[in-house]
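Asks: Attaching a predicted model along with its sequence, questions to come.
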Amino acid sequence: MADVELVKKMLREVLTANKSGPGVSLSRLQSEYKDLTGEQIPHKQMGHGNLDALLHSMPSVVRMERNRSGEMVYFASVSGETAHVAKLVARQRTSKKTGRPQMVNCQMRVKPAAPLVLNGRARYTCRSSYTSMPNQHPLDSKMSSAPLFSPSAPSNLNESAGSGKPKPQHSPKDYNPSSAGGNYSPQQVQGRLREVLNKYSNGFWVSKLPQLYRELYKQDLPSEALKDLEHWTHVCTVEKPCSSNPKELLLYPAKEPTHTQTPSPVPARVLSPTSAPFTPSTDIKLQSKPPTTSPSTLSPDLKQKLGELLVKYSNGLWAHALPKLYLDTYKTKLPEHVLENLSLLSDFCTVDYPMPDNPKRAILYKRTKEEESCNRRESVEERRAREEVGRRLSSQAVPPLLIPREEYPSVLVVEATNTNGVILRYIGEGYSQAQEALEDKMREFYCCQDNNSRTPLASPTSGQLTAVRAEEEEEILRAQVTEVMTDKVKVYYVDHGFSEVINKAKVFELHDTFFKLPFQATKCKLAGLETFCQEPAVLKKFESMASGKILLAEILEREQTPLVVLYDTSQDDDVNINAACIKALQDKTLASPLQVAYMNVAVRSVCSDGTIYCQLPSRGLAKLTEILEKTEAYFHSQVTSEFLVSRPFCGKGCLARYKGKWSRVEITNLHGSRVLDILFIDLGVQASVEVFELREVPSPFLHDLIAIPPQAVKCCLADLAVSGVGSWTPDAVQWLRDAVLNSTDCSMKIAKLDKTKRSVVHVYLFTDKNFHDPTRSLNRQMAASDLFKHQGDVFLSSHSSNGTKPQLRRIDATKQSMRHVQTLHIYASAAGHNMDIYVSVACHPGHFVLQPWRDMYKLVVLMGEMILYYNKTEEKPLKVEKNQIYAAKVENNWHRVLVKGVLTNGLVSVYELDYGKHELVSCTQLRPLIQEFRQLPFQGITAQLAGVKPRQWSEEASIVFRNHVEKKPLVAQLEAVQEAHHPWDRKLTVFLVDTSQEERDIWVHDIMAEFTDELTKEV
């Protein structure tokens, strides 16, 4: 049973924190409770069938009311206080009817933290130690659009003298950020220095270089680079205008060579951790060699083509992908010298090395100058738009409506006569809440008895901004006059997005006070529907699914009219509105008709749970094959980059190659900005690819391909008495694949159709055309075999004679060699050393898992590589053994894991070695961890909090600890290291310090000590 008093206490904390707001919705209450405690509200454990019943049973804790929209909201019960009436989130009307919007869950469903998301940099180091994180790589904003950490934290840690707290013992000279780990790359710094000098061609003080470098690349300039500046004569010129003080040096771009015979300098090589430092003498020796045959510049035509490719990938492109992409696009090979000397691209792109010890792994970005000029153009356009709005609506200046900063803002959809101009309103603080406050003030102002502003306008003019009393409700709203009639006017409500014809007596002059809030009604464009923006079927579908509802908007492009994807999160599964509208264009007559029996069936995919995807002979399949053949020929005849996918998003339809031919795919998940998951909708095959492997559907075939429904029919074998998780063994899956895949001569007989939301056809499958005899079906053959008998080498005993807990036992498990597993090097073993860390898991002060911040970008790159590798490899039966290391697919990502136990139902208990989490996965989701993915040391390090006595921590204390440290970047001060034979058994003892506040540092052990003291006093 759950602790009732503890649950009450936590609920009261959540509700009290929101006591000044318009109440807490049920979904928000559940979400904030989980954020506070790490668990859902345990209503079932407390004997209630649903959460609402539990809350009704706690009148001393929870007070319930219905707000103006009819939604139930919850407040903290406080005796003696006047009940606060909840404000309406969105007062929505339409030209057809007044009334309230349909309330839909507007809370973003919590998604697991994506390991491939690394945006931002560590700025949480000690004030008395060092000022920034070493080797932090600018994968930040280019790696993902969703930030992992808030960039607002300070970069220092206070030193509290005389407080008795442990103090850092290192001065800045004791720790060199650029040399830590040996990852100083002169080539990378030189390339970036060229970019800085191109931007500031008139020169600047050397003392300003670290600041400029940090602002541009979100990374500190290595200290060695300042020493090497005078030797990089091919990159820059250093002048001493008045003294030898290094802070008074001036930096200019490199002078033009006076002798044309001097060979161009060779860029410095990327240094590995074991390489000797770069010196000027080695550079001179390299230059003295005879010139190579590789051209020193690129032709204008080649520059233009490479520029066209890079423009398509604003988030960067791996250099190793360039030759294939260039060949596919322009039907000619990329000159080899381009990849051999990437510095040739430096005048129009940025070359980035995420792994300094591997110069072959480079990322290319389009030059930032173009982005800056684009921003300048956008600002000019925005200014012109604001001036036009101000001129058209009123002589008064109204500030522009800014797009919310969050990636998934809640929006209220008003209406759409065109998907390129959907009218909506943003929901939340500064938007709908500010509008409510404004309209409340307007009601008070215009309803005041002695107010002269109550006199209607004598002669309203078209375009004038006014205050209007709504026809059906006693509300005063801002509106623009669009048409003047004899005794009526037509107005457009600038905050609500609809028009209405009203009597002139209801129109008043708008007071200057009410010009300060931006107009709340705005427009957006639905991604993927640009070509079909006025199709009746699309607009009808959109009207039924979105109009009048509060949805989530994923903002893809923050333009004057933002490009968005809308999601309805009110159901068990999120519904992609854009994708649903596209499917409304499908011709149902081209779908696979479900008859009793079929011959010439092609089984295209067999999943690990026994689900199979078949292609049935149909008119739609024949037409699809014909159009894809024409598309193939069309791509061969075109030499252009316009078909590259530059803006991927979930639900987008495009083309990808399957077994050498272009096939239709839908993007199902994005891992950062380069790696994504796709589904071949006509084959039922899932895969992971890089974005450059996708192509847009050419416009001549777009309508025809959209009209054809997916040709993969989801089936399962009928009358197989297997069900539940892990019931299909790897042997059974492999046997079925060997029997039916790549065969087009199968036949099947339909037994029944499951008409639920996930419709599945139950079939009898045959490997020949004789489907009349059920005894010859694969169903009967598999049922009579031993394929479904699990033979695990580790099993869970069902009972114990001595009353102890069941234990896992292993039979004949051979131990795999661990000698290739790298060990994570701790910064220093001396007590008092500081390091930036991220706490991935926190159970209590005696057990939590931290990750060193310095190598997090390497983990990002590694996991991206694992997704591409393992999602392309074929699933094969694997004998899973306890205490061995594997790669495991957890949700949509591949992790390096340690197997803790194998259960007899086919499930495996694993421990994520980089994140410190325990998971339960199917044995079919495990793969051997190849040597390439064992090079990076495991990043999850077990730790305990220093400064507090070991004890049995209460649940309340554990919750307090989790709230302060879990999923947060902190500074760890090392106290002790407990070594072990295996790296995952090692344990650190550390002090944790939160430096996110400007005025002071928070030492977590002090909080826990005070908390335990208070509990002791209460007892």
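Replies: Looks like it came in fine. Residues are numbered from 1 along each chain as shown.
Asks: Make sure Val489 is actually in contact with Val501.
Replies: Yes. Shown here, Val489 and Val501 form a contact pair, counting by CB atoms under 8 Å, at 7.3 Å. The C-beta positions use only the backbone N, C-alpha and C, and glycine is treated the same way.
Asks: Those two - which one has more neighbours?
Replies: Between Val489 and Val501, counting by other CB atoms under 10 Å, Val489 is the more crowded of the two (25 against 13).
Asks: Helix, strand, or coil at that one?
Replies: strand (DSSP: H, G, I helix; E, B strand; the rest coil).
Asks: give me every residue that touches it.
Replies: For Val489, the contact set (CB atoms under 8 Å, 6 or more residues apart in numbering) comprises Pro460, Val481, Glu483, Val501, Ile502, Lys504, Val507.
Asks: burial of Leu705, as a residue count?
Replies: Neighbour count for Leu705, taken as other CB under 10 Å: 17.
Asks: try Glu642
Replies: By other CB under 10 Å, 13 other residues sit near Glu642.
Asks: And for it, nearest residue in space, chain neighbours not counted?
Replies: Nearest non-adjacent residue to Glu642, counting by CB to CB, 6 or more residues apart in numbering: Glu696, 7.6 Å away.
Asks: Got the phi and psi for the one you found?
Replies: Phi and psi for Glu696, reported as degrees, to the nearest 10, are phi -70, psi 150.
Asks: could you measure it against Glu195, distance?
Replies: As defined by CB to CB, to the nearest Å, Glu696 lies at a distance of 31 Å from Glu195.
Asks: can you check Ala946 too?
Replies: 44 Å.
Asks: Those two: which has the busier surroundings?
Replies: A direct count of neighbours by other CB under 10 Å for Ala946 and Glu195 places Ala946 higher, at 20 against 17.
Asks: before we move on, what SS does the nearest residue to the more buried one once chain neighbours are set aside have?
Replies: Nearest residue to Ala946, sequence neighbours excluded (CB to CB, 6+ apart): Glu975, at 4.0 Å. Assigned with three-state DSSP, Glu975 falls in the strand class.
Asks: Was I right to think Glu975 contacts Leu945?
Replies: No. Applying CB under 8 Å as the test, Glu975 and Leu945 come out as separate, 9.3 Å apart.
Asks: Can you pick out the residue with more neighbours from these two?
Replies: Taking neighbours as other CB under 10 Å, Glu975 and Leu945 compare with Leu945 leading, 24 against 18.
Asks: Can you name the residues that contact Leu310?
Replies: Counting by CB under 8 Å, 6+ apart, Leu310 has contacts Leu317, Phe348, Cys349, Leu364, Tyr365, Lys366.
Asks: State the distance from it to Leu402.
Replies: Counting by CB to CB, the gap between Leu310 and Leu402 amounts to 30 Å.
Asks: Likewise for Lys876?
Replies: Using CB to CB, Lys876 is found at 53 Å from Leu402.
Asks: mind listing the helices in the stretch 501-650 of the chain by residue range?
Replies: Residue ranges of the helices in the stretch 501-650 of the chain, as given by DSSP state H, counting those that start in this stretch, are 536-545, 577-583, 619-637.
Asks: And the shortest one, what does it pack against?
Replies: In this case it means helix 577-583. strand 522-526, helix 536-545, strand 563-568 (3 or more CB pairs under 8 Å, 6 or more residues apart in numbering; DSSP states H and E).
Asks: Tabulate these (TSV), appending mean pLDDT.
Replies: As requested, the helices and strands packed on helix 577-583 are arranged in TSV below (pLDDT from 0 to 100):
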stretch	mean pLDDT
strand 522-526	93
helix 536-545	93
strand 563-568	94
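Asks: Can you tell me which of the ones you listed is nearest to Asp228?
Replies: Of all the helices and strands packed on helix 577-583, strand 563-568 sits nearest to Asp228, with 44.3 Å by CB to CB.
Asks: Strand 522-526 and the closest one, what's the angle between them?
Replies: Relative orientation of strand 563-568 and strand 522-526, computed by axes from the mean of the first three to the mean of the last three CA atoms, to 10 degrees: 90 degrees.
Asks: Poorly predicted segments of the stretch 251-400 of the chain, please.
Replies: For the stretch 251-400 of the chain, applying pLDDT under 70 flags the ranges 255-296, 354-360, 368-396.
Asks: repeat that for 80
Replies: Applying pLDDT under 80 to the stretch 251-400 of the chain flags residues 252, 255-297, 312, 314-316, 343, 346-347, 352-361, 366-397.
Asks: do the stretch 501-650 of the chain as well
Replies: Filtered on pLDDT under 80, the stretch 501-650 of the chain yields the residue ranges 572, 593-595, 639-640.
Asks: and the residue nearest to Tyr911 when sequence neighbours are not counted, what does it touch?
Replies: Take Tyr911 and drop its neighbours on the chain: the residue closest to it by CB to CB, 6+ apart is Leu898, 4.6 Å away. By CB under 8 Å, 6+ apart, the contact list for Leu898 reads Asn883, Gln884, Ile885, Val910, Tyr911, Leu913, Trp984.
Asks: The fourth one touches Ala888, doesn't it?
Replies: Yes. Using CB under 8 Å as the test, Val910 is close enough to Ala888 to be in contact (5.2 Å).
Asks: Now do the shared contacts for those two.
Replies: Here Val910 and Ala888 have His895, Val897, Glu919, Val921, Leu926 as joint contacts, going by CB under 8 Å, 6+ apart.
Asks: With neighbour count as extra columns, can I get these in TSV?
Replies: As requested, these are exported to TSV (neighbours: other CB atoms under 10 Å):
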residue	neighbour count
His895	23
Val897	28
Glu919	17
Val921	21
Leu926	24
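Asks: which one of those residues sits closest to Ala580?
Replies: Looking across these and measuring by CB to CB, the closest to Ala580 is Val921, at 31.0 Å.
Asks: ok so, going back, top of the contacts of Leu898 by neighbour count?
Replies: Val910 (26 neighbours).
Asks: which residues sit in contact with the residue lying closest to Phe532 once chain neighbours are set aside?
Replies: Distance criterion CB to CB, 6+ apart; nearest residue to Phe532, sequence neighbours excluded, is Val538 at 5.1 Å. Applying CB under 8 Å, 6+ apart to Val538 gives the contacts Thr419, Leu529, Phe532, Cys581, Ile582, Ala584, Leu585.
Asks: Contact partners for the second one?
Replies: Shown here is Leu529, whose contacts under the criterion CB under 8 Å, 6+ apart are Thr419, Asn420, Val538, Asn578, Cys581, Ile582.
Asks: where does it fall, phi/psi-wise?
Replies: Per-residue torsions, Leu529: phi -110, psi 10 (degrees, to the nearest 10).
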